[in-house]
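Novice: Need coordinates for the following:
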Amino acid sequence: MNQLTSYAQQLQNLAVLYLPRVLMAGLALIIGWWLIGRASQLLGRATARLDVSLSSFLRSLVNIVLKVLLLISVAGMVGFETTSFVAILGAAGLAVGLALQGTLANFAGGVLILVFKPYVVGDTIEAQGKSGEVSEIQIFNTILLTPQGDTVILPNGATSNNVIVNKTTQNKSLVDIAAELEGPTDLEALRAWAVPLLAADADVLPAPAPQVVVTALRPGSLAVSFRAYTLAGRGGPATARLTEALQLAFAQHGVHGPVPVSHSYVRQLPG
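Specialist: Got it, this is the predicted structure:
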């Protein structure tokens, strides 16, 4: 009986000692959780003008960090030693950081791309040896769709730290069709019908004007390029049409290919 009384007395003492702390910690947890929710909503409104992916990521990151800090604070109010929790979290963060160096680099690269916008969704870019239209910019990767029907996933870390060719910024694309013709070809006569043929295509821009340029002189042959600009993304179809149109026009105007010769001398001219 005396032992039961002793247990009851100890329980009463613990209740007197810890119950107010538990009640205060519970109240702090409820209020803190509500405040974190409100702060997350305010952050969402403040970042509404940013990219949707970046805004969502920032809200999620801030929400998680604040909740972890709140739980540590509540544990300290109850009486738990929080120093060990902080040390464990620090060690875990260090271990995760070392294990995920590449992922963190991709995250940092994604943030840089979303903030500084070297390209946006819908742009046609060339990066890391791959070319295609940007369909999505994720926080870790950029998704490209290629004309061949492939889906290319580029890590943002490597992409943001290397050369990026944005083919959409100037909204024009160069069509360059090379041909090797016989040496005696009359260049002026060639330009007289070839330039209007290039300009007549529906996708060819009037400025810069289409042109025919000599790129190399070889014994018995003449290397030329038929050049014209189209809107970004229209270069492929225009190249196919103009190549066929030039081939038909060669036959109509009596333009022939080179005649083989025994010499090997080649003189290169700037293109």
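
Novice: Which parts of the stretch 51-200 of the chain are strands?
Specialist: Remark: strands of the stretch 51-200 of the chain, listed N- to C-terminal, are 124-127, 130-137, 141-145, 151-155, 164-166, 173-182; assignment by DSSP state E, counting those that start in this stretch.

Novice: show me where the stretch 101-250 of the chain has helices.
Specialist: 101-116, 156-160, 187-199, 235-252 (DSSP state H, counting those that start in this stretch).

Novice: Which one, of these, ends up nearest to Leu174?
Specialist: Judged by CB to CB, the one of the helices of the stretch 101-250 of the chain that comes nearest to Leu174 is helix 235-252, at 7.1 Å. Every residue, glycine included, has its C-beta placed from N, CA and C.

Novice: Next, the angle from the closest one to strand 173-182.
Specialist: With axes from the mean of the first three to the mean of the last three CA atoms, to 10 degrees as the criterion, the two stretches helix 235-252 and strand 173-182 enclose an angle of 20 degrees.

Novice: Just give the closest residue to Ala189, not the sequence neighbours.
Specialist: His253 (7.6 Å; CB to CB, 6 or more residues apart in numbering).

Novice: Mean pLDDT per helix and strand in this protein: which one sits at the bottom?
Specialist: The least trusted helix or strand in the chain, going by mean pLDDT, DSSP states H and E, turns out to be strand 267-268, with a mean of 42.

Novice: Report the residue ranges of every domain in the protein.
Specialist: For the chain, automatic domain parsing gives the domain ranges 2-99, 118-166, 173-268.

Novice: Reformat the ones you listed as CSV; add distance to Phe107.
Specialist: Formatted as CSV, the domains of the chain follow (distance: least, CB to CB, whole Å):
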stretch, distance to Phe107
domain 2-99, 9
domain 118-166, 6
domain 173-268, 30
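
Novice: Relative to Ala105, which of the ones you listed is closest?
Specialist: Each of the domains of the chain was scored for nearness to Ala105 using CB to CB, and the closest is domain 118-166 (3.5 Å).

Novice: ends of the closest one, how far apart?
Specialist: The first and last residues of domain 118-166 sit 8 Å apart, counting by CA to CA, to the nearest Å.

Novice: Could you give me the buried positions within stretch 131-149?
Specialist: With burial defined by 16 or more other CB atoms under 10 Å, the residues of stretch 131-149 counted as buried are 132-134, 137, 139-144.

Novice: sorry, back to before: surely the residue nearest to Ala189 is in contact with Trp193?
Specialist: Yes. At 6.1 Å, His253 counts as touching Trp193 under the criterion of CB atoms under 8 Å.

Novice: tell me the contacts of Trp193?
Specialist: By CB atoms under 8 Å, 6 or more residues apart in numbering, the contact set of Trp193 is 249, 253.

Novice: between the domains of the chain, which gets nearest to Asn106?
Specialist: Of all these, it is domain 118-166 that lies closest to Asn106, at 4.3 Å by CB to CB.

Novice: For Ala158, give its distance to Gly129.
Specialist: When CB to CB, to the nearest Å is the yardstick, Ala158 and Gly129 sit 11 Å from each other.

Novice: quick one, which of the two is more surrounded?
Specialist: The neighbour comparison of Ala158 against Gly129 (other CB atoms under 10 Å) goes to Ala158, with 14 against 8.
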